[in-house]
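[1] I would like the atomic coordinates for the input below:
(one chain, ligands or ions: 3)
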Amino acid sequence: MIDCRLRIVVTGAVQGVGYRPFVYRAATNLGLKGWVLNSPEGVVIEVEGNDKALAAFERTLRTEKPPQAVVQGVESWRLDAVGFEGFEIRQSEESGTRTALVVPDLATCQECILEISDPSNRRYRYPFTNCTNCGPRYSIMQALPYDRPNTTMKGFRMCPRCQAEYDDPGNRRFHAQPNACPACGPRVELWSPDGDVVARNWDAIVACAEAVRDGRIVAVKGLGGYHLVCDAFNEDAIKELRRRKNRELKPLAVMAPSLEDILNLCEVSQAEKEALTSVEAPIVLLKRRSEGLAPSVAPGNPYLGVMLPYTPLHHLLFKEIGRMAAATSGNLSDEPICIDEREALQRLKGIADLFLVHNRPIQRQVDDSIVRVIENRLMVLRRSRGFAPLPVPLPAACSKIVGLGAHLKSTVAVAIRDKAFLSQHIGDLETVEAIMAFDRVVSGLENLYGVNPEIAACDGHPDYASTRKAFCLGIPVVQVQHHLAHALACAADNDLEPPFLAVTWDGTGLGTDGTIWGGEFLLVRQDGWDRAGWLRPFRLPGGDQAVRQPWRTAASILVECGIEPSSVLGSIDCQGVEKQLKAGVNCPVTTSAGRLFDAISALLGVCAEQRFEGQAAMELEFCASGQTDEFVWPEAPARPPLILDWRPIVKDVIDQAMKGRPRSQVAMFFHKALASGIAQTAQRIGEKRVLLTGGCFQNRILLENAIRNLRNSGLEPYWHQRIPPNDGGLAVGQIVEAIRQRRKPCA
Ligand code: ZN
Ligand code: ZN
Ligand code: FE
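    Ligands and ions are numbered 1, 2, ... in the order given. Okay, the predicted model is just below:
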């Protein structure tokens, strides 16, 4: 069996409490080799061994600890083995920096859950119970050091009993900054849409649960923002929620009272179970086992985004509701979530029937994180609550750099020494609210860490709000090509140094030639990079209009194949688009794999018009199933640049559809054909290590088939783990490129 390296970063109070000897024993008992080290951000461990031993080691760290240690986070990466000899406790890194003190929000611990369920406990049913092992952190932190006066808890004076707990080194609440109880802490109230108090405290929770069971929509103020909560089994209520929220199709996340509720509805692997019950408590995308929920929760979607309650308030509320309920972010489509009562009343007017609010202010918006398990490893799709702002390791130390990300799924990052502190998810920079939120996150992150960045790294697209921001900062700017940033983010996530090949497939990114890229094969070297291959370019009739109406792109690729569009697209009138293509007016050229997925989705009648970016491609993935033929790729030229010509697949797709093959099989055929095209092209380019990055690799079928094909071709595939493969990870890639440019001797 081939050995693998496991990197683990354990955060929390893990220093000076015998944590390193504990790690030493755990590792050596399992025969693992490697090292452990105290760093300012926590304990960093790298161990090597076989898969089974590594999994056992990881489980030990997640479930056991020395008595005095407080573990607040365990992040892990699977990396290539480097051949450690023996196990050593390494020299500690310098300590005392403020970066160590910013901790993410932690899901409620078991001990606190027991307390709120115990009628004899003074915190019985108290929704703001927390301790040093759990509770709010990043979402209430206003400044450093992390002390109560620097949090939004400063307005609450601890009662003598809470103060005694806080002062007692032997107590679980010793220095628990948000410590509170019913006598002295925050309280909940149920409000009417006009802001009148309907009920208080426990009664408010009971009344709120009752309203949800009655099919009403309630805005619930939680940890990092508002949720809109509504019975997931009530089709009328869910439909109404969608209508009011102006969100027609995007799947809604649900929260379940307990793991058992989830097991009844979804297939849950061991790794998925661990993700659900982790301190990060993210939304986990799970394969549905049965229908049962209201169909409109996630229409036509074989997956369900599920999470467990992660604050005492959610535990109490969902126990009372007694079943799964939709818990979608409290915003209008595409806007950042609300965090303030008055703002919520205003912005959620006409959406929520009732408001369950509380008087602990939220300092910053922190959305729910989203993860998916691929090949037994976690892949973070949205890095926010529970993760933000934990750092990700960088390949090299650097001066202070801020990475501003791109345009969609915006995040920002600041680099300090050899780590990038990645912000929470901000959203798409399409509205004034989102751009304002973006500005707040940039300055907030800089203030929190006390950094004045010396370099700004941003996208190559001049019109992105994030790019404009970079040029407003008054420091040198490094513009990084969109797909190179994807490639370097994936490399950082896998601790890889160039050279490598990166398959960067996504929706849209500005290429260096002024066209829209998105189906690239980038060969990244130590001192630069080349575009070694790409998908055969095609045109997008109408530009952005083609994004909303994939049938336009479908017509365009049919013309490229020499097929009359109307012969396939039947009922759609393609004449205008054909004229547009002939005249070449507003038909930007692209190599975007995302747009190619859109086109096939429209061709097969799966989705001809989309309400949100990625919908057509997602629906094509969801519809794909069954056994299919292998697509045999024709011989391609042996020397780069290599053009992956999709025309033969499109012809085959149409052929199969015309012959009456079920479209699920045709969709599967398309996925597999592209995945084998990736492997074939990679093989021709000849670089052994192949990174799969970009939004398209959130698609499980494409990703898993590409991984398999690459391995079968003798290549080594890598994909994302802790940094999102979509544009949410770009800020890190931009920083890595800025470091690379600084390292060049002539720069
Ligand atoms: Zn606790
Ligand atoms: Zn108290
Ligand atoms: Fe992208």
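[2] shaky segments in the stretch 501-650 of the chain?
    636-640 (pLDDT under 70).
[3] excluding its backbone neighbours, what's nearest residue 186?
    By the measure of C-beta to C-beta, 6 or more residues apart in numbering, the closest residue to residue 186 outside its immediate chain neighbours is residue 360, 3.8 Å from it. To be clear about C-beta, it is placed using only N, CA and C from the backbone, and glycine gets the same treatment.
[4] closest point of the stretch 51-200 of the chain to ligand 3, which residue?
    residue 77 (21.9 Å; C-beta to the ion).
[5] same deal with the stretch 501-650 of the chain?
    Distances from the stretch 501-650 of the chain to ligand 3, computed as C-beta to the ion, single out residue 506 as the nearest residue at 3.6 Å.
[6] what's the neighbour count on that residue?
    When neighbours are counted by other C-beta atoms under 10 Å, residue 506 registers 28.
[7] check contacts around whichever residue of the stretch 1-150 of the chain sits closest to ligand 2.
    Shortest the stretch 1-150 of the chain-to-ligand 2 distance, computed as C-beta to the ion: residue-wise this is residue 122, at 8.2 Å. Taking C-beta atoms under 8 Å, 6 or more residues apart in numbering as the criterion, residue 122 is in contact with 161, 181-183.
[8] out of the residues you listed, who's nearest ligand 1?
    Compare each of these with ligand 1 using C-beta to the ion and the shortest gap goes to residue 181, at 13.0 Å.
[9] from start to finish, how long is stretch 579-594 in a straight line?
    Across its full length, stretch 579-594 reaches 24 Å end to end, with C-alpha to C-alpha, to the nearest Å as the criterion.
[10] need the pLDDT of the closest residue to residue 216 other than its chain neighbours.
    Across the structure, with C-beta to C-beta, 6+ apart as the measure, the residue nearest residue 216 apart from its sequence neighbours is residue 353 (4.3 Å). On the pLDDT scale, residue 353 is placed at 97.
[11] do the same with the one 3 residues further on
    pLDDT for residue 356: 97.
[12] picking that back up, gap between the residue nearest to residue 216 and residue 215?
    When C-beta to C-beta, to the nearest Å is applied, the distance between residue 353 and residue 215 equals 9 Å.
[13] then residue 460?
    Using C-beta to C-beta, one obtains 49 Å as the distance from residue 460 to residue 215.
[14] again, but for residue 19
    Plainly put, residue 19 is 50 Å away from residue 215 if you go by C-beta to C-beta.
[15] more crowded one of these two?
    Using other C-beta under 10 Å, the more surrounded residue of residue 19 and residue 215 is residue 19, with 24 against 17.
[16] ok, the more buried one - contacts?
    In this structure, residue 19 makes contact with 10, 43, 65-66, 69, judged by C-beta under 8 Å, 6+ apart.
[17] next step: those restricted to strands.
    Among the contacts of residue 19, the members falling in strands are 10, 43 (criterion: DSSP state E).
[18] quick revisit: can you turn the buried part of the contacts of residue 122 into a PyMOL selection?
    Only the buried members of the contacts of residue 122 end up in this PyMOL selection, burial being decided by 16 or more other C-beta atoms under 10 Å:
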select buried, resi 181+182
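[19] which two in the contacts of residue 122 are spaced the farthest apart?
    Longest distance between any two of the contacts of residue 122 is 10.7 Å, between 161 and 182; criterion C-beta to C-beta.
[20] quote the end-to-end distance of stretch 317-328.
    With C-alpha to C-alpha applied, stretch 317-328 spans 15 Å between its terminal residues.
[21] so what's the most centrally placed residue in the chain closest to, chain neighbours aside?
    What sits nearest the mean C-alpha location of the chain, by C-alpha atoms, centre = their mean, is residue 382, with 1.4 Å. What sits nearest to residue 382 in space, not counting adjacent residues and going by C-beta to C-beta, 6+ apart, is residue 370, at 4.0 Å.
[22] which residue ranges of the stretch 101-250 of the chain form strands?
    Shown for the stretch 101-250 of the chain, the strands assigned by DSSP state E, counting those that start in this stretch span residues 188-191, 197-200, 218-221, 226-231.
[23] which element, helix or strand, includes residue 676?
    Per DSSP states H and E: residue 676 is located in helix 663-685.
[24] tell me the contacts of the residue of the stretch 601-747 of the chain found nearest ligand 1?
    At 24.8 Å from ligand 1, residue 722 is the closest residue in the stretch 601-747 of the chain, using C-beta to the ion. Residues counted as contacts of residue 722 (C-beta under 8 Å, 6+ apart) are 75, 77, 378, 380, 383, 387, 392, 493.
[25] and residue 620, by the same measure?
    The contact partners of residue 620, by C-beta under 8 Å, 6+ apart, come to 597, 600-601, 604, 606-607, 667, 670-671.
[26] ok, for it, nearest residue in space, not its chain neighbours?
    Nearest residue to residue 620, sequence neighbours excluded (C-beta to C-beta, 6+ apart): residue 601, at 4.1 Å.
[27] I'd say the one you found and residue 621 touch.
    No - distance between residue 601 and residue 621: 9.2 Å, which falls outside the contact criterion (C-beta atoms under 8 Å).
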